[in-house]
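Trainee: Fold the stuff below for me.
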Amino acid sequence: MSFLLRYSFLLVLMVFCQYALTAQTSRDTIRLQAFIIDGDTVSISTLSNYQIYAHITDAQRIARAKYNRLRNAVYVTYPYARRAGIVMNDINRHLEGIKEKKDRKAYIQSREKELKKEFATPLTNLSVYQGKILMKLINRETGNNCYEIIKEYQGGLTARLYQTVAFFFNSNLKQPYDPLKDDMLIEKFVQEVKRMYGYNDVSIRQ
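Mentor: Okay, the predicted model is just below:
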């Protein structure tokens, strides 16, 4: 092998080794975030999660059960309350064009039969607790409590009768809805349901 050939071969080998060394060095370099404290460089690293388990107390268990019970009740009853808001809006719109008292009564009775056919079975399957939450949500959707709604469509005597029945079930048709205070948690669950099913707010015409 001539001197020139050997020199060329060594030159190529040297360049190749330098390239390989550079590539290896760049692959072995790990860049880390760091901060400097009193002139010392301290690397920043994220530690793996560390989970701590503990037994919940009886009070915490009771609170969790109440939370889940309320959440379940809202998920079950809100679709009915929303439907009530839509129906009331439609009924009020039609009643604006009906002047005769007997005609208004006949129209309300026809809508009542329609609603009973649609909801009688599922609503009777609700628990007393779910019924209380439903009344609150109807207030939310319609702007009126259940006593006012019954009084408007069925008369004051019927409203008082239903109020008496509700009393024996430790309930109240006149219960308000306060999303900013007493019913804040219910409102939170309502927003969950609305996001889940894509519900929009119901516009009620008073």
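
Trainee: measure the nearest residue to residue 177 once chain neighbours are set aside to residue 148 for me?
Mentor: Nearest non-adjacent residue to residue 177, counting by CB to CB, 6 or more residues apart in numbering: residue 139, 4.2 Å away. C-beta coordinates here come from the backbone N, C-alpha and C atoms, glycine included. From residue 139 across to residue 148, the span is 9 Å (CB to CB, to the nearest Å).

Trainee: Which strands and helices lie in contact with the top helix by length along the chain?
Mentor: Using DSSP state H, we find that the single longest helix of the chain is helix 58-95. With contacts taken as 3 or more CB pairs under 8 Å, 6 or more residues apart in numbering; DSSP states H and E, helix 58-95 sits against helix 101-124, helix 128-142, helix 184-197.

Trainee: how about these, which one is nearest residue 63?
Mentor: Counting by CB to CB, residue 63 lies closest to helix 184-197 out of the helices and strands packed on helix 58-95; the figure is 11.4 Å.

Trainee: the inter-axis angle of the closest one versus helix 128-142?
Mentor: 70 degrees (axes from the mean of the first three to the mean of the last three CA atoms, to 10 degrees).

Trainee: Export only the CA atoms of helix 184-197, formatted as CSV.
Mentor: Extracted C-alpha coordinates of helix 184-197, given in CSV (Å, rounded to 0.1, in the frame of the first residue of the first chain):
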residue,chain,number,x,y,z
MET,A,184,-74.9,25.4,45.8
LEU,A,185,-74.0,21.7,45.6
ILE,A,186,-77.2,20.9,43.7
GLU,A,187,-76.3,23.6,41.2
LYS,A,188,-72.9,22.1,40.8
PHE,A,189,-74.4,18.7,39.9
VAL,A,190,-76.9,20.4,37.5
GLN,A,191,-74.0,21.9,35.6
GLU,A,192,-72.4,18.5,35.4
VAL,A,193,-75.6,17.0,33.9
LYS,A,194,-75.9,19.9,31.4
ARG,A,195,-72.3,19.4,30.2
MET,A,196,-72.8,15.7,29.9
TYR,A,197,-76.0,15.8,27.8
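
Trainee: Please identify the buried residues of that helix?
Mentor: Neighbour counts over helix 184-197 (16 or more other CB atoms under 10 Å) mark 186-187, 189-190, 193 as buried.

Trainee: Next: stretch 64-71.
Mentor: Of the residues in stretch 64-71, 70-71 count as buried by neighbour count, 16+ other CB under 10 Å.

Trainee: Stretch 151-158 too?
Mentor: Using 16+ other CB under 10 Å as the test for burial, stretch 151-158 gives 151-154.

Trainee: Among those residues, which ones are in strands?
Mentor: The strands, defined by DSSP state E, take in nothing from those.

Trainee: what's the lowest-pLDDT member of those?
Mentor: Ranked by pLDDT, those bottom out at residue 153 (74).

Trainee: what separates stretch 172-191 from the chain centre, distance-wise?
Mentor: Centroid separation for stretch 172-191 versus its chain: 14 Å, with CA atoms, centre = their mean, to the nearest Å.

Trainee: May I have the distance across it, first residue to last?
Mentor: Start and end residues of stretch 172-191 are separated by 24 Å (CA to CA, to the nearest Å).
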